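>>> Please work out how this folds:
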Amino acid sequence: MENLISPIILYTFCVLGSAGFALALPRRGSKLVPLGMILLGSAFGMVAVSFIWRADRFADEHINGGGGPGLFFYVFAAIALGASIRVITHPRPVYSALYFIMTIIASCGMYVLLGAEFVAFALVIIYAGAILITYLFVIMLATQAPTGGQEGMLDETDAVAREPVVGSVLGFVLMGLISVMMLGGIDSVRPGASDFEPDAVLANLPGKVDKVLAREDLIAENERVLRAEDGGGVLDASARTITIENTELGTTRVIGSDNWPDELVAGNLDRLGWNLLHDHPMTIEIAGVILLMAMLGATVLARKHVELEEALKAEQAKRLGETTLKQQQPSGGAA
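Numbering: from 1, shown residues only. As a prediction, the model looks like this:
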């Protein structure tokens, strides 16, 4: 961790950042928003300078004489941080959603730099497309219209932050904990994860292995990868060996590392798809249920607003009718 950022700077950033966010969150008539922005800018600037200096030095010493993260990383990181701050601090929800798009696009740029193209495209299609449209519908349905004495202003529920101090402190405490775990390396979070074999997932995808071996003419029509009891293939990615069975004769043979096809590799899509659908299927379902609940909640809130506005209109029409009737009575009596 000390190779990338000093712990003192990290914890100072968390303190200044939480104070800056607490002051920058929207309030009615608050004059401390500029001070909060200054504190946030100072905190992020301090971390950026420390990270750039230490990361470049660490890369020069340990990573084949390289120069650390490139220019595009810092550009995308600055855009993502600035836009994410405005997502939280902007007083109008619709503009916050637009800044959220900018955050997603900048994050996609960093994913492309990391070689995770599928995640980048998925973020654009899913978050900047479908989910953001859902957010906008929820915002438009649930945002309360201003009252007669607040023309051009949003309702307090939509324009004022609730518990800004508690939210800011908890958010930056969580950021500090996650940063310590990430900078400590993956072994500090999940022991033994550094020994991860990228192609090990191929054992769970015997159909893909069969297709690749058939294209390379390494198996005959009546041959396939030997299936284990759980349905996976008998394949050792670290030793580069594949056990092949003959479905007609019932015999087996082994393809060694010398004949391992160069095309037989597990891509990002293979590993991500298997991890999501095998290890985290309920997470995806829960995310869909949460979005559905948000839409239903917005519909209920909008219905209440419409019913309230109709009641106010009916009451105003009744008062107007009574006033008109009173004005007409004296003239009728004089006649």
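
>>> CA only for contacts and neighbour counts going forward, please
Will do.

>>> Show me what the one helix or strand Leu177 maps to is packed against.
Taking DSSP states H and E as the definition, Leu177 sits inside helix 164-183. In terms of contacts (3 or more C-alpha pairs under 8 Å, 6 or more residues apart in numbering; DSSP states H and E), helix 164-183 is packed against helix 7-24, helix 186-189.

>>> Direction-wise, compare the longest one with helix 164-183 and give the angle.
Using axes from the mean of the first three to the mean of the last three C-alpha atoms, to 10 degrees, the interaxial angle of helix 7-24 with respect to helix 164-183 works out to 150 degrees.

>>> How about helix 7-24, which residues are buried there?
Buried residues in helix 7-24, counting neighbours by 16 or more other C-alpha atoms under 10 Å, are found at 10-11, 13-24.

>>> quick one: contacts of that helix?
The contact list for helix 7-24, computed with C-alpha atoms under 8 Å, 6 or more residues apart in numbering, reads 1, 32-40, 43-44, 46-47, 89, 164-165, 167-169, 171-173, 175-176.

>>> Tell me which helix or strand comes right after it.
Assigned by DSSP H and E, the successor of helix 7-24 is helix 33-62.

>>> residues near Ala214, how many?
When neighbours are defined as other C-alpha atoms under 10 Å, Ala214 has 15 of them.

>>> who's in contact with it?
220-221.

>>> The one 4 residues further on too?
Applying C-alpha under 8 Å, 6+ apart, we find Leu218 in contact with no residue.

>>> And what about it, helix, strand or coil?
coil (DSSP: H, G, I helix; E, B strand; the rest coil).

>>> re the thing from before, give me the buried subset of the contacts of helix 7-24.
Among these, those classed as buried by 16+ other C-alpha under 10 Å are 33, 36-37, 39-40, 43-44, 47, 89, 164-165, 168-169, 172, 176.

>>> What are the neighbouring residues in contact with Asp199?
By C-alpha under 8 Å, 6+ apart, Asp199 lies in contact with 237-238, 265-266.

>>> Without its sequence neighbours, what residue ends up closest to it?
Ala266 (5.0 Å; C-alpha to C-alpha, 6 or more residues apart in numbering).

>>> number of nearby residues for the one you found?
17.

>>> How about Val166?
11.

>>> ok, now Ile85?
Considering only other C-alpha under 10 Å, Ile85 is surrounded by 19 other residues.

>>> go on, the one 10 residues further on?
Tyr95 is flanked by 13 other residues according to other C-alpha under 10 Å.

>>> Now do the strands in the stretch 101-250 of the chain.
Secondary structure of the stretch 101-250 of the chain (DSSP state E, counting those that start in this stretch): strands at 223-225, 235-236, 241-246.

>>> and of those strands, who's closest to Met110?
strand 235-236 (32.7 Å; C-alpha to C-alpha).

>>> Sketch out the helices for the stretch 101-250 of the chain, chain order is fine.
117-122, 132-142, 156-159, 164-183, 186-189, 206-215 (DSSP state H, counting those that start in this stretch).

>>> Can you say which of those helices is nearest to Glu223?
helix 206-215 (8.6 Å).

>>> picking up where we left off before, name the SS class of the residue nearest to Asp199, please.
Going by three-state DSSP: Ala266 is coil.

>>> Next, format the strands of the stretch 101-250 of the chain as TSV and append distance to Phe73.
Output for the strands of the stretch 101-250 of the chain, formatted as TSV (distance: least, C-alpha to C-alpha, whole Å):
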stretch	distance to Phe73
strand 223-225	42
strand 235-236	36
strand 241-246	39
